[in-house]
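# Give the three-dimensional model of this entry:
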Amino acid sequence: MTTITTPLTLPCGTVLPNRLCKAAMTEGLADEWNRANRRHEILYRRWSEGGAGLLLTGNVTVDRRHPERPGNVAIDGNGGLEQLAAYARAGKAAGNHIWIQLTHGGRQTPQLVNERPLAPSAIRLRIPEIPGFGYGQPVAMTEAQILDVVARFARAAMVARDAGFTGVQIHAAHGYLISSFLNPLANQRQDAWGGSLRNRARLLLEVITAVRQAVGADFPVAVKLNSSDFQKGGFTTAECLELVGWLNETGIDLLEISGGSHEQPKMVGLTFQEEEAPPVKESTLKREAYFLEYAAQVRPVARMPLMVTGGFRTLAVMNAVIEAGELDVVGIGRPLVVDPSIAGRLLAGTAQSAYAMEDRIHNVAAMPWFYMQLRRLGDGLDPDLSPAGLETAGPHAAAEAATAAALRWEMPAA
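Numbering: from 1, shown residues only. Just a heads-up that it's a prediction; the model follows:
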């Protein structure tokens, strides 16, 4: 019987020791030059020792001017290579894999950092804004700027490999730059990078090709892709399935299925707009995972291993989806913030479920709470699960603003 304890051999030949993945969660722990530091080492060593066979880092930006949030690590000629190597060593200390998630914030770059971010078209986000934490008016990219982004992903992947990370994931979901190129609401270009799905997917496909050439055939390359943007007129599930067919030809090693964006944050259980996609079936809701229904549609098309993150809490459900062949890897995120050792206990069978913090804290308040717990873990502390610990939005906002102010410094010379 195949379960979460069963090793997985990827297309490139790499073997994951088990089927549990610590999913990508943005940490915001980098220094003022977007470099890794001791906090990353402490945090990822703890997760490595926790037992998951694969750790995915939080967003690592390929362009320091376009982070997903203040405090992202960047690979952008900003130094810090020794710290990056220490980060990688800590993250694989227990014999697991650690893959770096590469991203470009695009129009979802915070205005605190960049008031005129690059995007496929000059279309601003439609999103409820918190004063001081909004998003600026984007600038439509030139073809030279698009090609520069392709080169940046390739260079960053090569740096990550040389630093000791054991794989890379290309973030093409959640409304960041590559995802926004796929979205007709954000990409209204009339050139070879817009219009048809093939044109809108060109950036992703060229990034994959460039990354693979940079890292070699035996180094894992993964992609995170939306099953849908869940917006009327946005990237659809039908388009996702067509794109997965093209991804089969690229030789990627793992496809993570997700969904949503800052405009429609389905990945954290929130809905801001009327949806394009049909609602998830009740049977899937009972089986916990947010995007499992969409992964079931991808499964017959995809020739690469599949992963879903979001909602998994019980060992029985995790094993059931692996045994049935619905997924090859189960991603869990927030439970590993509440209990960094839960993966090992699930694998050993000494725990039957992960802690569901969402039962105690509303979605709107959850993100700042988890940000603060990641900071605590990076400082070598345990998460604060007390009632008082839930009142952290104010301190988080202050820390975020201070980090953003530091990021307004001029970029160092490459």
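# now the helices for the stretch 251-400 of the chain?
Remark: helices assigned in the stretch 251-400 of the chain by DSSP state H, counting those that start in this stretch are 282-286, 292-298, 315-323, 335-338, 342-348, 363-378, 393-407.
# Could you find the closest non-adjacent residue to Ala296?
What sits nearest to Ala296 in space, not counting adjacent residues and going by C-beta to C-beta, 6 or more residues apart in numbering, is Glu326, at 6.2 Å. In short, each C-beta sits where N, CA and C put it, glycine included.
# From Ala302, how far out is the one you found?
Glu326 sits 12 Å away from Ala302, going by C-beta to C-beta, to the nearest Å.
# tell me the contacts of Gly58?
Going by C-beta atoms under 8 Å, 6 or more residues apart in numbering, Gly58 touches 24-28, 72-73, 101.
# Mind telling me what element it is part of?
Using DSSP states H and E, Gly58 maps to strand 54-61.
# now the angle from that strand to helix 363-378?
Angle of strand 54-61 versus helix 363-378, following axes from the mean of the first three to the mean of the last three C-alpha atoms, to 10 degrees, is 100 degrees.
# I'd like the average pLDDT over strand 54-61.
Summarised as a single mean, pLDDT over strand 54-61 is 98.
# chain center to the helix or strand following it, what's the gap?
Remark: after strand 54-61, the chain's next helix or strand is strand 73-74, criterion DSSP H and E. Strand 73-74 has its C-alpha centroid displaced from the chain centroid by 14 Å (C-alpha atoms, centre = their mean, to the nearest Å).
# Counting by contacts, list what strand 73-74 packs against.
strand 54-61 (3 or more C-beta pairs under 8 Å, 6 or more residues apart in numbering; DSSP states H and E).
# Sheet partners, orientation included, of the strand it packs on?
strand 20-22 (parallel), strand 73-74 (parallel), strand 97-103 (parallel) (DSSP bridges).
# Asn183 and Thr236 touch, don't they?
No. Using C-beta atoms under 8 Å as the test, Asn183 is too far from Thr236 to be in contact (9.9 Å).
# what sits in contact with each of these two?
Asp229.
# what sits against the residue lying closest to Pro305 once chain neighbours are set aside?
Using C-beta to C-beta, 6+ apart and skipping residues adjacent in sequence, the residue nearest Pro305 is Asp328, 3.8 Å away. Counting by C-beta under 8 Å, 6+ apart, Asp328 makes contact with 8, 19, 254, 305-307, 322.
# Also Asn226?
Shown in contact with Asn226 (C-beta under 8 Å, 6+ apart): 172-174, 179, 182, 235, 240, 258-261.
# switch the cut-off to 6 Å
Under the criterion of C-beta atoms under 6 Å, 6 or more residues apart in numbering, the neighbours of Asn226 are 173, 235, 258-259.
# in terms of contact, does Leu118 touch Met141 like I think?
Yes. Counting by C-beta atoms under 6 Å, Leu118 does reach Met141; the two are 5.0 Å apart.
# and Ala74, how many neighbours?
24 (other C-beta atoms under 10 Å).
# let me fix that: Thr142
Neighbour number of Thr142 under other C-beta under 10 Å is 10.
# Pull up the gap between Tyr176 and Gly134, please.
From Tyr176 to Gly134 the distance is 17 Å (C-beta to C-beta).
# So for those two, which residue has more residues nearby?
Legend: neighbour count by other C-beta under 10 Å for Tyr176 and Gly134, higher for Tyr176 (24 against 15).
# What angle do strand 54-61 and the helix or strand harbouring Arg155 make with each other?
In the assignment (DSSP H and E), Arg155 maps to helix 143-163. Put simply, helix 143-163 runs at 140 degrees to strand 54-61, going by the same axes, to 10 degrees.
# what separates helix 143-163 from the chain centre, distance-wise?
17 Å.
# what does it rub up against?
The contact list for helix 143-163 (C-beta under 6 Å, 6+ apart) reads 62-63, 75, 84-85, 88, 100, 102, 104, 168, 206-207, 210-211, 214-215, 219.
# what's the next secondary structure element after it?
strand 167-172.
# nearest spatial neighbour of Ala140, skipping sequence neighbours?
Leaving out its chain neighbours, the residue that sits closest to Ala140 by C-beta to C-beta, 6+ apart is Ala122, at 4.6 Å.
# correction: Ser261
Nearest residue to Ser261 in three dimensions, chain neighbours excluded: Gly175, at 2.7 Å (C-beta to C-beta, 6+ apart).
# ok, so what distance separates the one you found from Gly105?
From Gly175 across to Gly105, the span is 9 Å (C-beta to C-beta).
# cool, Gln111 as well?
From Gln111 across to Gly105, the span is 11 Å (C-beta to C-beta).
# Good, wrapping up.
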